[in-house]
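Novice: got a sequence here, can you model it:
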Amino acid sequence: MPRFDPLPDRRPALVAGASSGIGEATAIALAAHGFPVALGARRVEKCQEIVDKIRADGGEAIAVHLDVTDPDSVKSAVEQTTVELGEIEVLVAGAGDTYFGKLDAISTEEFESQIQIHLIGANRVATAVLPGMIERRRGDLIFVGSDVALRQRPHMGAYGAAKAALVAMVTNYQMELEGTGVRASIVHPGPTKTAMGWSLPAELIGPALEDWAKWGQARHDYFLRAADLARAITFVAETPRGGFIASMELQPEAPLASVKDRQQLKVDKEALNS
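Specialist: I've put the predicted structure just below:
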């Protein structure tokens, strides 16, 4: 007799922050793998455009208005998803934005806004779906973290603090939900090419890039694609019962070095060892 009943064939998923970037790519990937998907975001009209594309490709999806900083919006989004798709089996909590600026240059209100969306917002949407998951004795809470939570970066102190606190929250979920059948996971993206943060003016991004290089945090200029993270999150959601992915970090692979660069690296290493 198996230790766990297999996951059901139909597993409705709610993706928070699905109007662009990693959330959009994740919704598309989940739908392609057979998950009925609710795309939740404040820009519900953008979600509807993505829904139309998913449906055109044979997937099942709906758009729901979701503002994770608004309790009524969260409640409404969960209710609409449950009515139209069924009980939520998978939550991907990825709503958020980032704020560039040194801690001594941003206000407490700006700092708090990052805590509200990345930590409290993630908690709010998880709290809304957890009772049903616990009752059914199965479900996946998948949180989108950041490598900034693991290794802080200058100019991202508010974002990094919120994501570091998110790690603590997910770890507590893992301990407190043990034995309920509900799995809690966190996926940490490294530098990823999305609209989040990179539409900021050069006077904010430029100094940040200089300081990242100073602290050894800008080894190369390659970025992950949103689809890379979507693949990882889908893998977490599809993990068979009996195990779970507690934490996963993805980093962009560096561009291939030329033969000349590799030869110079060899010379440098030999010189260091001589």
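Novice: can we go C-alpha only for contacts and neighbour counts from here?
Specialist: Noted.
Novice: which elements pack onto the longest strand along the chain?
Specialist: In the chain, with assignment by DSSP state E, the single longest strand is strand 182-189. Secondary-structure packing of strand 182-189 (3 or more C-alpha pairs under 8 Å, 6 or more residues apart in numbering; DSSP states H and E): strand 139-144, helix 157-176, helix 226-238, strand 247-250.
Novice: can you redo these as JSON lines with distance to Arg3 and mean neighbour count?
Specialist: Formatted as JSON lines, these follow (distance: least, C-alpha to C-alpha, whole Å; neighbours: other C-alpha atoms under 10 Å):
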{"stretch": "strand 139-144", "distance to Arg3": "16", "mean neighbour count": "25"}
{"stretch": "helix 157-176", "distance to Arg3": "19", "mean neighbour count": "19"}
{"stretch": "helix 226-238", "distance to Arg3": "17", "mean neighbour count": "20"}
{"stretch": "strand 247-250", "distance to Arg3": "23", "mean neighbour count": "16"}
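Novice: mean pLDDT and distance to Phe35 for those - can I get that in CSV?
Specialist: Shown next, in CSV, are the helices and strands packed on strand 182-189 (pLDDT from 0 to 100; distance: least, C-alpha to C-alpha, whole Å):
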stretch, mean pLDDT, distance to Phe35
strand 139-144, 98, 13
helix 157-176, 96, 23
helix 226-238, 96, 10
strand 247-250, 94, 21
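Novice: redo these as CSV? Include distance to Thr108.
Specialist: Shown next, in CSV, are these (distance: least, C-alpha to C-alpha, whole Å):
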stretch, distance to Thr108
strand 139-144, 24
helix 157-176, 9
helix 226-238, 30
strand 247-250, 29
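Novice: so which of the ones you listed gets nearest Ala184?
Specialist: Ala184 lies closest, by C-alpha to C-alpha, to one member of those: strand 139-144, at 4.7 Å.
Novice: what's the closest of the helices and strands packed on strand 182-189 to Leu150?
Specialist: Using C-alpha to C-alpha, the helices and strands packed on strand 182-189 put helix 157-176 closest to Leu150, at 6.9 Å.
Novice: and the closest one, how far out from the chain middle?
Specialist: Relative to its parent chain, helix 157-176 has a centroid offset of 13 Å by C-alpha atoms, centre = their mean, to the nearest Å.
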